[in-house]
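Trainee: Let me see the structure of the following:
(chains A and B)
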Amino acid sequence: MHAMTDISTLHYLVLGAALFLLGVIGVLTRRNVVIVLMSIELILNAVNLNLVAFSRYWQSIHGPSALHGQVFAIFVITDAAAEAAVGLGILIAFFRNKETVNVDEVNLLKW
Amino acid sequence: MLFLDHIYLIPLLPAFGAAFMFFFGRKLTKQTVSAVCVGVVVLAFLFACGAVLQYNVWAGANNHQPFQKIVYTWLGTDTGHLNFFKQDGSAANFQIDAGFLLDPLSAIWLLFVTGVGMLIHIYSIGYMAHEGGYYRFFGYLNLFMFSMLTLILANNYALMFVGWEGVGLCSYLLIGFYFHRKSASDAANKAFIVNRIGDAGFILGMFFIAWLMGSLRYVDVNAAARSGHFQIGDPLITAATLLLFVGACGKSAQLPLYVWLPDAMEGPTPVSALIHAATMVTAGVYMVARSNALFVLAPTSMKTVAIVGALTAIFAASIGLVQNDIKRVLAYSTVSQLGYMFLALGVGAFAAGVFHVFTHAFFKALLFLGAGSVIHAMSGEQDMRNMGDLRNRIPTTYWTMFIATLAIAGIPPFAGFFSKDEILWQSWATESVAYHLLWYIGYATAFMTAFYMFRLIYLTFWSKPRMSHDVEHHIHESPASMTMPLVVLAVMSLFAGFLGFPQSLARLVGIHGETNRFEAYLAPVFAKEAPVFAKEEPGQLAAGTKEEEKSSGTEYLLMFLSVGAAAFGWYMAGRSYREADKGYVEPINALSPPVYNTLLNKYYVDEGYDYVFTGRRKLGGVRLGAMGLGEASSWFDANVVDGAVNASGWLTRVVASLSSWWDKWIIDGVGVNGPAILARMLSYPARLLEWGLVQWYALVMTAGLVGFVFYYVYH
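Mentor: The predicted model follows:
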């Protein structure tokens, strides 16, 4: 039933984990805030991939009409859009003040 | 009843004159001013005559009651404002009216005040003709007449006090008429201030009367005093009467408050005649006579009045012996004669005292007006040392003044003889031997009076001319407006005494029946007192009833002695001064210079008052009196009061700094900053965790997450 060429849930999960890992590394290591935001998008999309994969797995058990899990992915995309808008807004305000977008030059928020 | 019903017009007429002068006087000519101001006084005099005549008829039909006319009630229980309890605990029916009262006592005062006042107004037309402030002078005179008539005609003590203060004010204004002269302004202040002392006594006396009697109306007070409710010698009555007498002492210039009257001679001479001789200064006598029903209840007060009167009489007369200013001699003479009047009141001979007021008003006004005429003739010179030999140059003045001198010296048949002799006789007739001493004092005073008065006459009108050539050249008799009042007053000085012709003399010349018309006229006011005295204090003060019992022989003897004293005084003065030339020697100075200097300096009383009462002079480095009190209270204020203020300020500062220290170190330090410091100490290790790089936080978070995951997976 499962041919080698079949793409199973496990494949999606591995891809999602890989994307997530890439995203986390990006967030933790890149200095440019724009890249950091993009990395956050990666993380979110990794999650989306997970959700979609599990939804598909669920459909394979309960029949073709069981597609509810896809809705979570739509929510997360919406959330990601909002987050990107806010994040870019903060970024612009930040740039106007510091004339930089490097996150390691921002260390005022401490004791 | 036209005059009686409108009796309030008598004071209002001069009040109108005064108001007219106040508003329009500045723009009026001297003729208009004289016409208005003299006119209203003449009208007031005619009105007063009408009122007294009507009263006499009315009184005959009304049991010799006093006539009362209450114009309106000023304040009282009717209006619900003045409720209080009397001394005996009953509620007072207290009222003060703008009310007028006419009885024989006020009738006599009314007649001579308006009469003499009218003559002096006429005289002033001539005397003030060349002076500035003409309308002001007449306005003040009219205001004085208004006040004096209010004083006399009031039906209660409060309204009397209004008049009393009014005459005091006018006295002040007129003494200070030449206000650009420092001495005049000082004298005015002195008169006003000394009178305040007396007035304080009067007010307190009034309070006593209101408290005891519940009323200030004479009729109520007299009725209460005569009701038998009060014991003779009641200490409260004694206090009330003594306080009233303090007021009388101030106004009537008795010891020890007489000092203002001699200085009051700084005013224009008609003022001295009107206010400081004939009328205002007798207000004290009027007040005591008016309060006779109270005084007879207080033998101590009566004795005080008699003794003060007698001492004042001789004290002032002795000063008068050596004074050189013609007006000052007359001023001391006035004080002395007022002393006589109080002596009479004090021995219970109220009618005799009032009689002397009456006759004195004429001859003393005449003397002052005569002195004014002399000063007028002498171009303003008042020092008798620079006069002499004026009798042929100003004959009218000389003759009228001579008559007045005979009257005041007590030479029969001039007015002063009858009144003064009556007083001396009454003081002798009071039986108590102690009172004979008063007679001796009065007798000695009679001699002194004759001496200083004839000294004045001889130094002024006889002796050698001692004035400068310029002055001598200008001597002239005064105008008719001035001599006419002199003549009228001289006639009165000659005949007024016959109103009180003594019974004993009448018997001697074969006349029987009532001859002392004056005393008979006053009988309704005073007669009621005698029985009280005869009953309660046998052998004392009941002079009126004792007269018949004494032998006429004694009276003739005393009369003869007093005439002898007057004649001796005349003789001594004539011997000493008749030929006085420049540099003449005062006989008293020749006899004993220290005595002379003491008298000339008025017993140093003014200086003494400066040491003791005003404090203008220091007594051995210490300042006493009013200024001393001022200095003491200034010291008290600067040291004690301010010291207390500063001390409390200092104390507040000490407490404040303690409180500040507590707040700073304990509240702020331990309570507020302590926890904060603790929190800060604890924050040092904690803040090491926070270095502000977002990615580090994310890393830690991730590490934690990974840690949790591993924990849950491999747990």
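Trainee: hey, let's count contacts and neighbours off CA atoms from now on
Mentor: Noted.
Trainee: Chain A against chain B: which residues are in contact?
Mentor: Those residues of chain A that sit near chain B, judged by Cα under 8 Å from any Cα of the partner chain, are A:Val27, A:Leu28, A:Thr29, A:Val103, A:Asp104, A:Glu105, A:Val106, A:Asn107, A:Leu108, A:Leu109, A:Lys110, A:Trp111.
Trainee: Which ones among those map onto helices?
Mentor: Secondary structure from DSSP state H places A:Val27, A:Leu28, A:Thr29 of the residues of chain A next to chain B in helices.
Trainee: how many other residues sit next to the second one?
Mentor: Right, A:Leu28. 18 (other Cα atoms under 10 Å in any protein chain shown).
Trainee: separation between the nearest residue to it once chain neighbours are set aside and A:Gly87?
Mentor: Distances taken as Cα to Cα, 6 or more residues apart in numbering or on different chains place B:Gln695 nearest to A:Leu28, at 5.2 Å, with adjacent residues excluded. B:Gln695 sits 15 Å away from A:Gly87 when distances are taken as Cα to Cα, to the nearest Å.
Trainee: more neighbours, these two?
Mentor: B:Gln695 (17 against 14).
Trainee: so which helix or strand takes in the more buried one?
Mentor: helix B:694-714 (DSSP states H and E).
Trainee: if we can go back for a sec, would you turn the ones in helices among the residues of chain A next to chain B into JSON lines with pLDDT?
Mentor: JSON lines is the format used below for these (pLDDT from 0 to 100):
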{"residue": "A:Val27", "pLDDT": "90"}
{"residue": "A:Leu28", "pLDDT": "89"}
{"residue": "A:Thr29", "pLDDT": "89"}
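Trainee: Among the residues you listed, which one sits closest to chain B?
Mentor: The closest of these to chain B turns out to be A:Leu28 (Cα to the nearest Cα; 5.2 Å).
Trainee: picking that back up, in the helix holding B:Gln695, which residues are buried?
Mentor: B:Val694, B:Gln695, B:Leu699 (16 or more other Cα atoms under 10 Å in any protein chain shown).
Trainee: Identify the residues contacting that helix?
Mentor: Residues from elsewhere that reach helix B:694-714, judged by Cα atoms under 8 Å, 6 or more residues apart in numbering or on different chains: A:Val27, A:Leu28, A:Thr29, A:Val103, A:Asp104, A:Val106, A:Asn107.
Trainee: next one: it to chain centre, how far?
Mentor: 115 Å (Cα atoms, centre = their mean, to the nearest Å).
Trainee: Pull that helix out as CSV, backbone CA atoms only.
Mentor: Provided in CSV are the C-alpha atoms of helix B:694-714 (Å, rounded to 0.1, in the frame of the first residue of the first chain):
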residue,chain,number,x,y,z
VAL,B,694,16.9,39.6,22.2
GLN,B,695,18.5,36.7,20.5
TRP,B,696,20.2,35.6,23.8
TYR,B,697,16.8,35.5,25.4
ALA,B,698,15.4,33.5,22.5
LEU,B,699,18.4,31.2,22.8
VAL,B,700,17.8,30.6,26.5
MET,B,701,14.1,30.2,25.8
THR,B,702,14.9,27.6,23.1
ALA,B,703,17.4,25.8,25.3
GLY,B,704,14.8,25.7,28.0
LEU,B,705,12.2,24.4,25.6
VAL,B,706,14.6,21.7,24.4
GLY,B,707,15.4,20.9,28.0
PHE,B,708,11.7,20.4,28.8
VAL,B,709,11.2,18.3,25.7
PHE,B,710,14.1,16.1,26.6
TYR,B,711,12.9,15.9,30.2
TYR,B,712,9.4,14.8,29.2
VAL,B,713,10.6,12.4,26.5
TYR,B,714,13.2,10.7,28.6
